Structures are given as C-alpha cells and as structure tokens.
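> model this:
(4 chains)
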There are 2 protein chains.
Amino acid sequence: MLDSTSRKPDTRERLLELAESAVLAKGFAATSIDELVAAASISKSGFFYHFKDKGELAEAMMQRYIAHDKAVLDDLFQRADELNDDPLHGLLVGLKLFAEMMANLPEVHPGCLAASFCYQDQLFNKKIRDMNAASVLGWRKRFRARFDAIVAKYPPKQPVDLEALSDMAASNVEGGLILGRMLKDVTILPRQILLYRDLVRLTFQPS
Amino acid sequence: MLDSTSRKPDTRERLLELAESAVLAKGFAATSIDELVAAASISKSGFFYHFKDKGELAEAMMQRYIAHDKAVLDDLFQRADELNDDPLHGLLVGLKLFAEMMANLPEVHPGCLAASFCYQDQLFNKKIRDMNAASVLGWRKRFRARFDAIVAKYPPKQPVDLEALSDMAASNVEGGLILGRMLKDVTILPRQILLYRDLVRLTFQPS
DNA sequence: GGAACCAGTGTACCACGGGTACAGTTTGCG
DNA sequence: CGCAAACTGTACCCGTGGTACACTGGTTCC
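Numbers count the residues shown, from 1 in each chain, chains lettered A, B, ... in the order given. Model (predicted):
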C-alpha cells in the first residue's frame, strides 16, 4: 500500500529535484547525468528508464516547475482573496503575502528554472520553449484579470499600460531573483515585490 | 599601419563577440571552443594563443560586457543631463531615451551576459562572480546618486526604499529582457522601462 | 639584413564524460 | 506462479577540453 509513510523513494521525483538544483547552479548542459544518478544512488540505466534522454528530463523539469509555481501563486492569492473583497486591496494583500513569503526564505532563492532555460533556450526543443512562454503568459493573464477588475472600480488618473503592468509582476520577480543571487542578498527580492506593490497602489489608489 | 580602415581583423575581439552570442543562446558550458574557432576561421591553437583556457575566455567576456554596458549607460545619461538641469527630469528623460533605444532594436534583445553567468555561476571562479556583483552594484550606485539628488529637491510624500528603487532599474531591465525573450516580443522591455519611469514620476513628482 | 616578436597554423595525442544499446535481474503484487 | 515495474551491468562511441610542440609569414627595431 502507498500511504503517506510509504517507503517508496519515488526515484523520478528525486531525480527531478536534484536536476533542478544542479541546473540552477550550473546550467543544463553542465549538469551531467552521471552526477544525478550518483546523487540519487541509482545506475545510469536507471536514469534512462525514467527519461528516454536528457531532453525528456528537461521537459519533465519544466512541467514540474511550472505546476509548482502555479500552485504557489494559486494558494497565495486564494488566501489573499479570503481576507478581502475589494480587487485592489486583494491584490495589495496578495503582494504583501508574497513579499513576506520571499522574505522568510532561509537563504537566497535558488532562482527561476524558466529564466534559466530561457537563457539556454537553444538547448531545448520547441515544445519546452512553448511551455516556458505559456507559463509567463499565465502570469500575465492572472494579473491582467485582477487589473481589469481594479480599473473598473478605481479608474486611474492617467492612462496605464495594463499589459505591461501585469507583466511587471513576473518581470520584477525575475529581476529580483537575479539581483538577489548576484549580490547574495535575500532582502532584494521581497523589497522589489513591495516596490511593485507601491506602483500598483500609487497607480490606482485615490489620493 | 593601423588606421580606421585597417584590415586587421582583431581576432580576439571577434572571438569574444562570437562567444557572447553563443553563450546567450546556449549557455557557457554548451558553447564549445571548436565552434568558436570554426566561426572565427582560426585554428584551435589560435584560440589558446589568445586565452590560456576557457575560464580566461569567460573572464574576458564579462570584462568586455561590463565595459560596454557602462559605456552605453554613461552615454545615455550624459545626453539626458545635457537636455536638463533638474535631477528628476534628467532621470525621467534618461529613462525615456533608454526605452526608445530598446524600442528601436531590430529584433528581440539577445539578453544580459551577467544574468546568463549568474544562472550558471558555479561554472566560474570567484573573480568572475565578483565582477558580476560589482557591475550590478554599479547600477545601484548610479541610480542611488540620482535619487539622492532627487529627494533633496522633491521630498516624497511617503517613505521610499531608495536602495530598492535604485536596484529596480537593473531588476526591471533583467526581467524585461527575460520576458521579451520568452515571448519573443521586442516591445516588452521598453514598456517595462517606461513603467519604471512612471513609478519614479509618481513617487517624486508633486501632484 | 638579421634578430626578435606577434599572431597565429598543423599535427598528434589524451582523459573524461555524455550518451546509446541492450540484455539481464530484482521486487512487489494479484 | 506469472507478470510488469523498476531497475542493474557491461560495453561502446564520440565530442570536448586541454597539452605539447614544431613551425611560419609578416612586421618592426636596430
């Protein structure tokens, strides 16, 4: 039986986890299958049982990463919406929760797999690049829907590029991750999120 | 004689240029010395005449990239300052020029080498990582100086995290580059820059 | 006009690691 | 028992980074 205390090691999942940290540290090409199987304590053949080649590993990594990313955001904004009915305040609360979550990480965030893949995209097939694009369009759509609700209630004083403002959620997180890593400073990302929150507030909140 | 019409091909520079595009497309590890020498039409020995190993190539690439990056920004803000004496308006003009420059690129920007290296930083030695950190601190310092001048003349209505606001210049560009690449949309980066400009304006401009 | 030097070429070689192929084996389960 | 899932073991090929070293064509200095 497979209950929560199952001894089943779920090798495939372990490989994906190991691969993700390695890729975020060294890039995909420099991440060797040998090092993954050594760390997972399986044989090289065992790897090829789970993934027919390295490309399939990449595909599974992206799938896993995107699903996890979506689940975190879904949960975050669901909690924010439970605290509030107003679309603007809901978003502001959500961004605050997001910033707090990122501030409470024990060490500097290891980075975004989508960004890593983006900067090595010639290594991957079209399917993977499309998944990547779809995931960032997911962020755009998610935030755009909220901004559409917000403008209906709080018409901005000046014209706003709502698509760019929606994209800035993802853009600013990606940038914050990079700066945080470069400077080894865990505070950069949460502060960038709060600054984005300020922009949203200044744009829509009646003064 | 070496004049401006010199036939001197400057092999080293060509190698660095080729390496930069290749690394931005595939990452450093996947960029082989053999492909570079083939593209530059020299022999492998020729490569090792210029760089003692691949690590030295990486170092030279970063040096070149950072110098170029600095030169572009210096030029940009020098032009902006010539148009204006006011610190706030000078920055706003500079950001507008920056956005226009990015909007006029013929195709989607190939990306930031510092970000690429950041996402593969375990491949590089401490010296290179330090150069990378120093370059982003350069952005912070540059913008922080401008904001310090701005707050003196335009005290903001609400407290502002000036360091985060300075970092956001780099952060938002990094993010805009990534989103632009992922979605193959050249308009994303300039619109992100204009949005950052809006935040600066909203933060300091008396209403 | 020869020596020194710059910017390479050509050839040969090696170790390592990624990746492929495929047959064989253990483990859990109905 | 029988079967499938989840592997193991072995053998092999090739690309890549890197070393070693002898050589060369052009330029400049004296």
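
> who touches the residue nearest the centre of chain A in this structure?
By CA atoms, centre = their mean, chain A has its centre lying nearest to A:Asp69, at 4.4 Å. By CB atoms under 8 Å, 6 or more residues apart in numbering or on different chains, the contact list for A:Asp69 reads A:114, A:135. (Glycine included, C-beta is placed from N, CA and C.)

> Now for it, which secondary structure element holds it?
Using DSSP states H and E, A:Asp69 sits in helix A:54-82.

> Let me know how buried A:Asp81 is, in neighbour terms.
16 (other CB atoms under 10 Å in any protein chain shown).

> no no, A:Pro206
By other CB under 10 Å, the residues close to A:Pro206 number 8.

> who touches it in this structure?
Counting by CB under 8 Å, 6+ apart, A:Pro206 touches A:Tyr154.

> Quick check: buried residues in the helix holding A:Asp69?
For helix A:54-82, the neighbour count (16 or more other CB atoms under 10 Å in any protein chain shown) marks A:54, A:57-62, A:64-66, A:69, A:73, A:76-77, A:80-81 as buried.

> The helix or strand just after that helix - what's its average pLDDT?
Scanning forward in sequence from helix A:54-82 by DSSP H and E, the next helix or strand is helix A:87-103. Across helix A:87-103, pLDDT averages out at 97.

> buried stuff in helix A:87-103?
The neighbour-count check on helix A:87-103 (16+ other CB under 10 Å) flags A:87-88, A:90-95, A:97-99, A:102 as buried.

> which residues are contacting it?
A:76-77, A:79-81, A:83-84, A:109, A:143, A:146-147, A:149-150, A:152-154, A:186-187, A:189-191, A:193-194, A:196-197, A:200-201, A:204-205.

> Counting neighbours, what do you get for the closest residue to DNA strand C within chain A?
Going by CB to the nearest atom of the strand, DNA strand C is nearest to A:Ser32 of chain A, at 1.5 Å. Neighbour count of A:Ser32, defined by other CB under 10 Å: 13.

> repeat for A:Asn104
9.

> how far away is it from B:Pro106?
A:Asn104 sits 44 Å away from B:Pro106, going by CB to CB, to the nearest Å.

> Setting aside sequence neighbours, what's the nearest residue to A:Arg140?
Excluding its sequence neighbours, the residue lying closest to A:Arg140 (CB to CB, 6 or more residues apart in numbering or on different chains) is A:Ser166, at 5.0 Å.

> How about A:Ser135?
A:Ile66 is the one closest to A:Ser135 (CB to CB, 6+ apart), at 4.6 Å.

> tell me which element A:Glu174 is part of?
A:Glu174 belongs to helix A:162-183 when assigned by DSSP H and E.

> Can you give me the domain assignment for chain A?
Annotated domains of chain A cover A:6-51, A:54-204 [automatic domain parsing].

> Figure out which of the ones you listed is closest to B:Phe124.
Within the domains of chain A, the stretch nearest B:Phe124 is domain A:6-51; the backing value is 9.8 Å (CB to CB).

> So what's the gap between the closest one and the chain middle?
Between the centre of domain A:6-51 and the centre of its chain there are 21 Å (CA atoms, centre = their mean, to the nearest Å).

> Any stretches of chain A with poor pLDDT?
A:1-9 (pLDDT under 70).

> Could you tell me which residues of it lie near DNA strand C?
Applying CB under 7 Å from any atom of the strand, one finds that chain A approaches DNA strand C through A:1, A:31-35, A:44-45, A:48, A:53-54.

> Buried ones only from these, please, as a PyMOL command.
A single PyMOL command selects the buried members of these (16+ other CB under 10 Å):
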select buried, chain A and resi 31+33+54
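
> Closest to DNA strand D out of the residues of chain A next to DNA strand C?
Closest approach between those and DNA strand D, by CB to the nearest atom of the strand: A:Ser45, at 2.9 Å.

> what about the closest one, distance to A:Val37?
According to CB to CB, A:Ser45 and A:Val37 sit 9 Å apart.

> Likewise for A:Leu76?
35 Å.

> Next: A:Ala25.
When distance is defined by CB to CB, A:Ala25 is 17 Å away from A:Val37.

> next one: A:Cys112
Using CB to CB, A:Cys112 is found at 26 Å from A:Val37.

> and if you look at A:Gly180?
Relative to A:Val37, and taking CB to CB, A:Gly180 is found at 31 Å.

> now swap in A:Asn125 and tell me
Taking CB to CB, one finds A:Asn125 at 23 Å from A:Val37.

> Between those two, point out the one with more neighbours.
When A:Asn125 and A:Val37 are compared for neighbours, A:Val37 comes out ahead with 19 against 11, by other CB under 10 Å.

> and the helix or strand that contains that one, what other elements does it pack with?
With secondary structure defined by DSSP H and E, A:Val37 is part of helix A:33-40. Helices and strands touching helix A:33-40, by 3 or more CB pairs under 8 Å, 6 or more residues apart in numbering or on different chains; DSSP states H and E, are helix A:11-26, helix A:44-50.

> Good, wrapping up.
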